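Colleague: coords please:
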Amino acid sequence: MLDQLNESQQAAVLYNEGPQLIIAGAGAGKTRVLTYKIAYLLSQGVPSHSILALTFTNKAAREMKERIMHLVDPGQARYLWMGTFHSIFARILRTEADSLGFTRDFTIYDTADSKSLLKSICHELDLDDKVYKPATVLGRISDAKNRLILPNDYALSKEIGQQDRNNRLYKMADVYALYQARLKAANAMDFDDLLVNMCLLLQHNDVIRARYQEIFQYVLVDEYQDTNYVQYLIVKLLAEPQNRIAVVGDDAQSIYSFRGADIRNILHFQQGYSNAKLFKLERNYRSTQTIVNAANSLIHHNVNQIEKQIYSEKEEGDKIHLTDYGSDRDEATGVAEEVQRLGKRRTAFNDIAVLYRTNAQSRSLENEFRRLNIPYRIYGGISFYQRKEIKDAISYFRVAANDHDNEGLLRIINYPARGIGDTTMRKVSVCSIEQNVSLFDVVSAPDAYGLEVSAGTAKKLTAFAAMITRFKDYIDSCDAYTFADKVLHESGIMTAAALDHTPEGIERLQNLQELLSGIKELVEQRGEEGVSFTPIYDFLNEVSLLTDQDENLTDETQRVTLMTVHAAKGLEFPVVFVVGLEEDLFPSQYCTSPREIEEERRLLYVAITRAMESCYLSYARQRFRNGSVNFSSPSRFLEDIDRRYIQRFQNSESTTSRKAFFSNFFGRGSVTTGASRHSDASTPNITRVATSLAARQKIDSDFTQGDRVHHRVFGDGTVEQVYRENDNDKIDILFDGPGHKTLLLIYAKLEKI
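Modeller: Modelled structure (predicted):
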């Protein structure tokens, strides 16, 4: 059986006498070792019901069990305790429910159930639903439960109280307490309670704890780097006192702190378990030597890690392609064209993945893939234009452009919430059919059409209609971008997203901002083509074509995979593109502390190690974000990758100044010691590298301060300054309408007036 394993893997499988930490580098056969360890224990006569194997997904548990069945007699594996933390503990809790004051038939609330309950509680407490959003409140409660902070402790915590006050959640402790009370009264637990209650059961009931410690003679945990504090405690309690525990994971792939994962669980495992043995699986079976070496050189710059040297015995392979693009549009075009070229060279589309830091980045990529008729799929997510917040926003545009769009109106009339419920809209629908008019006609004049609603409801309907009428007036006086910006802000959509500080809320806001960026990009592109005014109708025409495409493709169609790096963990592809490697994007602008920066570096490590044969990295020098053009600096992480493993490219529009910047960025003078990086992990390396270049330098130019100029998009303006900064020639202009803008001189296309 064990002759299928290498020496390191065999050693990890054979040791079963005490606590064991198996550090498995990317592509090193982690699942294989865990599978063979369980099969080996069974072959040695260990009863299957004595083995507890905890995973993070049902898919992982199923696959491991199927593999074990092929290695031993299927009957031997029949009673394995193998599954996710939640499924295994739900099974135990149903048996022991009365010890916690529940009955065995307790209900498990999913996320939708929890949000519905919290919405009712917040309404009952008369709390502002724009602040106490169900997703926000549930996120705060979940975070507390992940750290085993119960309602009483929550209310007493000064740190938590300050965080809630900062977010105007002054009654959060009351909501949490009432939520738990209502769950108990309903004989229900939410997902987090399955962990919390299991932990409490083991902590406070000596008899039950001893029983399960006796049952589980061997405890194995997959993806240990993703465990939170409660999971850590449960595993520790179950493994005592014999501590025959084996945890498998990779600290270099710990990327889920936003879900409560605590990397300290794996980093400090040996301190928590006396006599723990460390096994390192360092051979990568997935990637070429170059890809592995590049990833090693990157992750080496993290201070908090378990040292290891991953190696590959595959071919050396091509260097990593690093491309400097002028803009995010150039980047999307360049990636799509390279994918098309690979396809012509007989690389299957299924073998290609494009990874990005945020979902919002898929928009420009999707547009270019559609333009070139490259089939694709969004993995672990949905197409940009199919996301709820984007469909909501576009529905506002549609209704303003066509008030007979009944489906669009039904979608938006109570989003954001304005007190117009389903009962009212059913009445409006019946009335519109009887009167043979549109929904908007009835909403605009409920009294005139005899709509049977209260005076208060009628007022809400006419207020909504007045808002839509105001939006209609904007269409002819505003270009598509200005129109969209006004609608998203005046409708309350942007405010609603901005007030939601959960990761999901932040992503929704980013997606809305990306929508505005896309519309502005369209307006500017049309301006460069000589079109002086681009109405919202033009955008709606384009987006309707985008959303209708690819719907008829079958699952068998070869497609390029587009996904976030987080979604890519555990997957592999022969060819991987990682886009948007810029400061404030990757690493994210929300990550500022050394700990957060290290997790972002681990995230890029995960991205690179998804590649088996070829890896492409890229960044853009300017990017549409938050509705405007922003100049970008290359990600500090690019400096961390050893130059020996990188081949640098500039796209076809690159200029001499960009080449000079690239040369300086990767030149000999940019080398800094590992120690200096470690001592200043929160400071962007690129900033330190370019310190000597940061000062603005005067340059010879056709434009000087005070010149009046014309720009196709921004109109007329006055030149304030022309200069070189970080080897970019820039021009500052105070435009008569849009105000101050900084433009790259090479792209400005200015005319003197």
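
Colleague: now the helices: where do they sit in the stretch 151-300 of the chain?
Modeller: In the stretch 151-300 of the chain, helices defined by DSSP state H, counting those that start in this stretch lie at 151-156, 158-166, 172-185, 191-204, 206-215, 229-239, 264-267, 269-272, 289-299, listed in chain order.

Colleague: what lies in contact with the last one?
Modeller: Counting by Cβ atoms under 8 Å, 6 or more residues apart in numbering, helix 289-299 makes contact with 26, 252, 284, 287, 305, 309-320, 601-602, 604-605, 608-609, 611-612, 615, 637, 640-642, 644-646, all of which sit outside it. (Each C-beta comes from the backbone N, C-alpha and C, glycine too.)

Colleague: partner strands of the very next helix or strand once past it and their direction?
Modeller: Downstream of helix 289-299, the next assigned helix or strand under DSSP states H and E is strand 311-312. Paired neighbours of strand 311-312 in the sheet (DSSP bridges): strand 283-284 (parallel).

Colleague: let me know the average pLDDT across the partner strand.
Modeller: For strand 283-284, mean pLDDT rounds to 95.

Colleague: could you shift the numbering so residue one becomes 207, and keep it that way?
Modeller: I'll keep to 207 as the first residue from here, and by that count the last item is strand 489-490.

Colleague: quick check on the closest residue to residue 331 other than its chain neighbours: phi, psi?
Modeller: Of all residues not flanking residue 331 in the chain, residue 377 sits nearest, at 6.2 Å (Cβ to Cβ, 6 or more residues apart in numbering). Dihedral angles of residue 377 (phi, psi; degrees, to the nearest 10) stand at phi -110, psi 20.

Colleague: buried ones from the contacts of helix 495-505, can you make that a ChimeraX selection?
Modeller: Buried residues among those (16 or more other Cβ atoms under 10 Å), as a ChimeraX selection:
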select :232,458,490,493,511,516,518,520,523,525,526,807,808,810,811,814,815,817,818,821,843,846,847,851,852
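
Colleague: how close does residue 818 get to residue 558?
Modeller: Using Cβ to Cβ, to the nearest Å, residue 818 is found at 11 Å from residue 558.

Colleague: what do the two both touch?
Modeller: In contact with both residue 818 and residue 558: 779, 780, using Cβ under 8 Å, 6+ apart.

Colleague: okay, residue 904: pLDDT?
Modeller: pLDDT, residue 904: 85.

Colleague: the residue nearest to residue 331 against residue 330, yeah?
Modeller: No. Between residue 377 and residue 330 there is no contact under Cβ atoms under 8 Å: 11.3 Å.

Colleague: the two: who's more crowded?
Modeller: Between residue 377 and residue 330, counting by other Cβ atoms under 10 Å, residue 377 is the more crowded of the two (18 against 11).

Colleague: need the pLDDT of that one.
Modeller: pLDDT recorded at residue 377 is 94.

Colleague: try residue 612
Modeller: The pLDDT attached to residue 612 in the predicted structure is 79.

Colleague: so who does it touch?
Modeller: Here residue 612 is in contact with 638, 644, 645, 646 (Cβ under 8 Å, 6+ apart).

Colleague: not counting its neighbours along the chain, what's nearest residue 716?
Modeller: According to Cβ to Cβ, 6+ apart, the nearest residue to residue 716 is residue 566 (4.5 Å).

Colleague: that neighbour and residue 713 touch, don't they?
Modeller: Yes. Contact criterion Cβ under 8 Å: residue 566 and residue 713 qualify, at 7.5 Å.

Colleague: so which of those two has more stuff around it?
Modeller: Higher neighbour count among residue 566 and residue 713: residue 566, with 25 against 19, using other Cβ under 10 Å.

Colleague: can you tell me which of the contacts of helix 495-505 are in strands?
Modeller: Of the contacts of helix 495-505, the ones assigned to strands by DSSP state E are 490, 517, 518, 526, 817, 818, 821, 852.

Colleague: hmm, who's touching the host helix or strand of residue 647?
Modeller: Assessed by DSSP H and E, residue 647 sits inside helix 645-650. For helix 645-650, the surrounding residues in contact (Cβ under 8 Å, 6+ apart) are 605, 609-610, 612, 615-616, 619, 634-635, 637-638, 641, 655, 657, 667-668, 670-671, 674-675.

Colleague: state the mean pLDDT of that helix.
Modeller: 92.

Colleague: before we move on, what about stretch 295-309?
Modeller: 91.

Colleague: one more: stretch 771-788?
Modeller: On average, stretch 771-788 scores 95.

Colleague: would you mind listing the buried residues in that stretch?
Modeller: 771-775, 778-788.
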